[in-house]
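[1] Model the following, please.
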Amino acid sequence: MTRTVRIALIILASIVSTGTASAEFNEPRALLEDERNTVDIFRAASSSVVFINTTEYRRQLFSRNVSEVPRGSGSGFVWDDRGHIVTNFHVIQGSQNITVTIPDGSVLDAEVVGHDPNKDIAVLRIDVSKVRLDPLPRGDFTDLMVGQKVIAIGNPFGLDQTLTTGVVSALGREIRSVAGTTITDVIQTDASINPGNSGGPLLDSSGRLIGINTAIYSTSGSSAGIGFAVPISTVKRIVPQLIEFGRTQRAGLGIRLIEDDLAIRWGIRGVIISEVQRNGAADRAGLRGTVQNRRGEIILGDIIIAIDDQQIQRYDDLYLALDNFNPGDEIQIRYLRDREEQETRVRLQRIG
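    Here you go, the predicted model:
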């Protein structure tokens with residue numbers, strides 16, 4: 001036996017006999033304040049985060065038999081104690097069956113209560129007669145600041161109850177929804193968000209919900225340090241409507257528009273009214289749609305160029321401008337008719 005080995009055995013014997021070193025190894029390391037904050041938030045919030053699985057029916061090409069196959073998975077969180085679960089619309093889009101796995105391991109069937117593709121938000125409902133749910137506390141968008149700590153909890157790549165941390169990288173971003181419309185005031189974060197995180201909560205350092213993790217910017221499909229979350233201000237406005245009505249109740253003009261690409265081709269800046277709904281808001285205000293005269297010539301409808309001093313050049317501009325109002329609100333519209341600028345006031349109607 002070499003001298004080195006003998007020394008090692010003597011040290012080991014000393015550890016065993018005294019027990020002092022063993023106590024040092026078993027004693028938990030004191031956590032830093034920020035670490036303790038993260039641990040506390042996860043312990044409190046993880047019971048509110050769920051795992052969502054979706055399936056669809058497919059008919060086999062040759063046998064024509066129908067089978068149920070997995071479609072995808074994502075995350076969600078508990079909204080209230082009545083069984084409402086909030087997630088992204090794109091998580092459940094196109095699925096025939098949805099199951100929700102809650103933190104105690106129970107797998108429950110879920111039904112779709114309502115969804116808004118324009119904001120990429122969906123609400124599900126599960127049976128809560130035999131389970132207990134813990135809704136997440138809700139934060140305030142106006143309190144958010146660039147640089148503050150955020151925490152994302154979800155199920156990336158099917159790995160449930162995963163936590164990542166980061167900061168608010170930017171505020172006021174815009175992303176495209178699955179419906180092709182713009183979602184505004186989006187939160188950008190460097191907390192790792194990967195496939196499967198969609199629909200999970202983004203939390204502040206108090207454990208309050210501040211957004212729904214929705215999208216990433218990546219060339220590889222995995223996290224590149226740029227993630228996006230639909231803000232709590234939008235969630236608070238949309239989710240109660242989905243629960244009550246099954247869809248959002250938006251303010252609108254009661255019009256149809258000519259496609260943007262045609263307007264661009266014709267060199268027109270503004271949105272061209274194609275059709276005015278009879279007795280709708282625009283009709284009552286005297287706005288006109290596009291018509292064809294007796295000679296077969298197309299007479300373009302009114303071209304909306306501004307709403308309450310907000311310039312309107314494309315459909316997205318109009319959609320975002322109206323998104324700030326409620327049905328029954330009165331707005332000022334500037335429009336072109338026969339190349340002359342005119343104004344009118346319109347009391348918005350309910351659409352959706």
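[2] what about the strands in the stretch 51-200 of the chain?
    For the stretch 51-200 of the chain, strands defined by DSSP state E, counting those that start in this stretch occupy the ranges 66-78, 84-87, 97-101, 107-116, 121-126, 149-154, 162-176, 182-189.
[3] Would you tell me which of these gets closest to residue 39?
    The minimum distance between residue 39 and these falls on strand 162-176, with 9.4 Å, by Cβ to Cβ. C-beta coordinates here come from the backbone N, C-alpha and C atoms, glycine included.
[4] Make a markdown table out of the strands of the stretch 51-200 of the chain and add mean neighbour count.
    As requested, these are exported to a markdown table (neighbours: other Cβ atoms under 10 Å):
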| stretch | mean neighbour count |
| --- | --- |
| strand 66-78 | 19 |
| strand 84-87 | 26 |
| strand 97-101 | 18 |
| strand 107-116 | 18 |
| strand 121-126 | 25 |
| strand 149-154 | 24 |
| strand 162-176 | 16 |
| strand 182-189 | 21 |
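[5] In a markdown table: the ones you listed, plus mean pLDDT.
    Below are the strands of the stretch 51-200 of the chain laid out as a markdown table (pLDDT from 0 to 100):
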| stretch | mean pLDDT |
| --- | --- |
| strand 66-78 | 78 |
| strand 84-87 | 97 |
| strand 97-101 | 94 |
| strand 107-116 | 95 |
| strand 121-126 | 97 |
| strand 149-154 | 95 |
| strand 162-176 | 93 |
| strand 182-189 | 93 |
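[6] low-confidence ranges in this protein?
    The chain contains residues with pLDDT under 70 at 1-28, 59-70, 218-224, 352.
[7] per-domain residue ranges of it.
    Domain assignment for the chain by automatic domain parsing gives 45-126, 141-244, 251-351.
[8] Tabulate the strands of the stretch 51-200 of the chain in CSV, adding columns for distance to residue 260.
    Putting the strands of the stretch 51-200 of the chain into CSV (distance: least, Cβ to Cβ, whole Å) gives the following:
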stretch, distance to residue 260
strand 66-78, 31
strand 84-87, 30
strand 97-101, 35
strand 107-116, 22
strand 121-126, 25
strand 149-154, 35
strand 162-176, 14
strand 182-189, 13
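[9] Which of the ones you listed sits closest to residue 250?
    Residue 250 sits nearest to strand 107-116 of all these, at 9.3 Å, using Cβ to Cβ.
[10] Convert the C-alpha atoms of the closest one to CSV, please.
    What follows is strand 107-116, C-alpha atoms only, in CSV (Å, rounded to 0.1, in the frame of the first residue of the first chain):
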residue,chain,number,x,y,z
VAL,A,107,-55.2,13.6,-16.7
LEU,A,108,-58.5,15.3,-17.4
ASP,A,109,-60.5,15.8,-20.6
ALA,A,110,-60.9,19.4,-21.6
GLU,A,111,-63.5,21.3,-23.7
VAL,A,112,-62.9,24.5,-25.6
VAL,A,113,-64.8,27.3,-24.0
GLY,A,114,-63.7,30.0,-26.5
HIS,A,115,-60.8,31.2,-28.5
ASP,A,116,-59.5,34.4,-30.2
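[11] Neighbouring strands of that strand in the sheet, and parallel or not?
    Next to strand 107-116 in the sheet, as set by DSSP bridges, lie strand 97-101 (antiparallel), strand 121-126 (antiparallel).
[12] what sits up against the shortest one?
    Right, strand 97-101. 50-56, 68, 76, 85, 92, 107-112, 124, 126, 160 (Cβ atoms under 8 Å, 6 or more residues apart in numbering).
[13] Relative to residue 34, which of the domains of the chain is closest?
    domain 141-244 (7.6 Å).
[14] Just the terminal-to-terminal distance for stretch 78-96.
    For stretch 78-96, the first-to-last residue distance is 21 Å (Cα to Cα, to the nearest Å).
[15] Show me where the stretch 1-150 of the chain has its helices.
    Taking DSSP state H, counting those that start in this stretch, the helices of the stretch 1-150 of the chain run over residues 3-18, 20-26, 33-45, 89-92.
[16] how many other residues sit next to residue 282?
    Look at residue 282: counted by other Cβ atoms under 10 Å, it has 26 neighbours.
[17] Regarding it, which helix or strand does it belong to?
    Assigned by DSSP states H and E, residue 282 belongs to helix 281-284.
[18] Given whichever helix or strand comes after that helix, what are its sheet partners and their directions?
    Going down the chain from helix 281-284, the next helix or strand is strand 291-292, by DSSP H and E. If you go by DSSP bridges, strand 291-292 pairs up with strand 298-299 (antiparallel).
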